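Undergrad: sharing a model that was predicted from the sequence below.
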Amino acid sequence: MNDVITVFLVDDHELVRRGVAEMLEADPGIRVVGEAGSVEQGRGRILATLPAVALLDVRLPDGSGIDLCRDLHGSAPQVRCVMLTGYDDDEAMYAAVIADASGYVLKDIRGSRLIDVVKKVAAGRSALDPLLVKAVRDRLRSGPSADPRLIDLSPREREVLGLIADGLTNRNIGIRLSLAEKTVKNYVSSLLSKLGLQSRTQAAVLQLETRTAFPLAAPRA
């Protein structure tokens, strides 16, 4: 049993979870140890089971699997995340690279191919297309001109945005800036509203793209 790869599934469709679980467990070297239908359920159950691989749907009822991937990268880095989606979405693939996902596959993937991806990721290798990763990194290095929406942010909101882009949780941001976690949450909600964004991942991508062109304000004393 020590050689068995443990997998956790997060998808809001039960039939999809059942189908994926059946495909994976057709291989005796893989065992599905849990399932969830939302970001909130998935976060708690993954931290409780600590699987080798988490298969995360990109679009979930209460948020994004990519945001969950970012959270897990900080709280349980031993869990390798693979994004599983029905949409061939360039923005989501870009965000998956930023979130340090180990793979990105479409739901129409063949069972044998999905098993190969899970085994590759569990072995510590990336299943992302190297050309995609290079394209994302090149885009981050070149960076477009500053987004005018950032001008509307207060200095503190810009600090929080920079730390979100660095992958910090609200709790860690609070520790870094000597703020209560609830206060950080309020800043996050405010900056997302000003930027017209819906998720931390979108905000992180925006900040990473514009960081060289629009540096953060110096931290307050």
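TA: Received it, and whenever you're ready, just let me know what you need.
Undergrad: mind listing the strands for this protein?
TA: 5-10, 30-36, 53-57, 59-60, 63-64, 80-85, 103-106 (DSSP state E).
Undergrad: next, the angle from the longest one to strand 53-57.
TA: Okay, so that is strand 30-36. Interaxial angle, strand 30-36 versus strand 53-57 (axes from the mean of the first three to the mean of the last three C-alpha atoms, to 10 degrees): 40 degrees.
Undergrad: what's in contact with strand 30-36?
TA: For strand 30-36, the external contacting residues (C-beta atoms under 8 Å, 6 or more residues apart in numbering) are 4-11, 17, 21, 24-25, 42, 45-46, 48-49, 51, 115, 118-119. Placement of C-beta: from N, CA and C, glycine included.
Undergrad: okay, now the unreliable bits of the protein?
TA: Scanning the chain for pLDDT under 70 picks out 1-2, 88-92, 137-148, 210-221.
Undergrad: look through it and tell me its longest helix.
TA: helix 181-195 (DSSP state H).
Undergrad: count of neighbours near the closest residue to M23 other than its chain neighbours?
TA: Computed as C-beta to C-beta, 6 or more residues apart in numbering, the closest residue to M23 that is not its neighbour in sequence is G111, at 3.8 Å. By the criterion of other C-beta atoms under 10 Å, G111 has 14 neighbours.
Undergrad: from the strands of the chain, which stretch is densest packed?
TA: strand 53-57 (a mean of 28; mean count of other C-beta atoms under 10 Å).
Undergrad: what comes into contact with stretch 108-124?
TA: By C-beta under 8 Å, 6+ apart, stretch 108-124 touches 5, 7, 20, 23-24, 26-27, 29-30, 52-53, 55, 80, 82, 86, 102-103, 105, 126-127.
Undergrad: list the buried ones in stretch 188-202?
TA: Neighbour-count burial for stretch 188-202 flags 188, 191-192, 194-195, 197, 200-202 (criterion: 16 or more other C-beta atoms under 10 Å).
Undergrad: which of those residues lies closest to G162?
TA: Checking the buried residues of stretch 188-202 against G162 with C-beta to C-beta, the nearest one is L191 at 10.7 Å.
Undergrad: what residues are up against the spatially closest residue to that closest one that is not a sequence neighbour?
TA: Among residues not flanking L191 along the chain, E157 sits closest, at 4.4 Å (C-beta to C-beta, 6+ apart). Contacts for E157 (C-beta under 8 Å, 6+ apart) come out as 187, 190-191, 194.
Undergrad: closest to I98 among those?
TA: L191 (17.3 Å).
Undergrad: for the closest one, give me its contacts.
TA: By C-beta under 8 Å, 6+ apart, L191 lies in contact with 153, 157, 160-161, 203.
Undergrad: and stretch 57-75, what's buried?
TA: 57-58, 60, 63-73.
Undergrad: fine, thanks again, bye for now.
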